[in-house]
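Peer 1: Fold the following.
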Amino acid sequence: MAKTMQPQELIDSAVVDPTGNKLGKVGNVYLADATRQPEWITVKTGLFGTKESFVPLSGAHADQDGVHVRVDKDAVTDAPRIEADGHLSAEESARLYRHYGLPMPRTSPDGRMDDRARGRGDTGRTRAGTESGRKHPDAEPAMTRSEERLNVGTEQVETGHVRLRKYVVTEEQQVTVPVSHEEVRVEREPITKPGGEPAEIAEDEQDVVLHAEKPVVNKETVAVERARLKTETVTEDQTVSGKVRKEQFEVTDDEGKHRKS
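Peer 2: Numbering: from 1, shown residues only. Just a heads-up that it's a prediction; the model follows:
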């Protein structure tokens, strides 16, 4: 379905000739000084789109797949090379119309635009939104809406100090140690040969020294452990919040009715 051609919507649109060949993309749109309507477009051609050729919009229509023009690819390729500097002079415009075999637009009986339409005696065409110095009718006043957004980042701050120190505590320890001691035991041996030893009845006494082991405790200091402080980075998720402001559009009609959007 064809749609109305708006200058700002034509930029970068594909350009298609009557046989379906794609000519390139729209580079600039040139408006007629008299009518302020799109009259010419430049098509980016060549390697990397470095060249621009003028293509007439007479009889053209815009569709979903691009701008369909009435001139073929060969005619566009052979078109006069004119610098796309923002404005077409009367002579340049006439050369292009002659090349494409199209009639010059008539706005006066002699086939030329009158002084008011030409503006400073020039019958050229002006690129949309450039040197004409006048706003295009489609460039309606607009209002920009702004809003605040939270930009969240991180910074490194000092959160505290940690000290490592040692102190002395006294605790009771119990250790089981095996000890030995001597005990007295009476051994009796019968005498089987009487008269072998002199016998006499008398009191007698024998002293035996007994020995025993007892635990002896001493202490020594030995190194048992080494400790040092190290830091490591731990990453965790934290949720932050903040209040932001934003603008809203409100439309008010003559009856005082409000409508927000």
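
Peer 1: Tell me what residue 14 is bridged to.
Peer 2: In this entry, residue 14 is beta-bridged to residue 25, by DSSP bridges.

Peer 1: my read: it touches residue 68, true?
Peer 2: No: counting by CB atoms under 8 Å, residue 14 does not reach residue 68; the two are 9.6 Å apart. Where you see a C-beta, it was placed from the backbone N, CA and C, and this is true even at glycine.

Peer 1: all strands in the chain, in order from the N-terminus.
Peer 2: 14-16, 22-32, 38-45, 51-56, 61-63, 66-68, 87-88, 125-127, 250-252, 258-260 (DSSP state E).

Peer 1: These: which one's closest to residue 81?
Peer 2: Comparing these by their distance to residue 81 (CB to CB), the top pick is strand 51-56, with 7.8 Å.

Peer 1: Pull up the pairing partners for the closest one, direction included.
Peer 2: Short version: by DSSP bridges, strand 51-56 pairs with strand 38-45 (antiparallel).

Peer 1: Please determine how far residue 68 is located from residue 192.
Peer 2: 149 Å (CB to CB, to the nearest Å).

Peer 1: So these two - more neighbours on which side?
Peer 2: Neighbours were counted for residue 68 and for residue 192 using other CB atoms under 10 Å; residue 68 has more, 17 against 6.

Peer 1: Now do the contacts for the more buried one.
Peer 2: Contacts for residue 68 were tallied using CB atoms under 8 Å, 6 or more residues apart in numbering; they are 16-18, 60-62.

Peer 1: what about 6 Å?
Peer 2: Residues near residue 68 by CB atoms under 6 Å, 6 or more residues apart in numbering: 16, 61.
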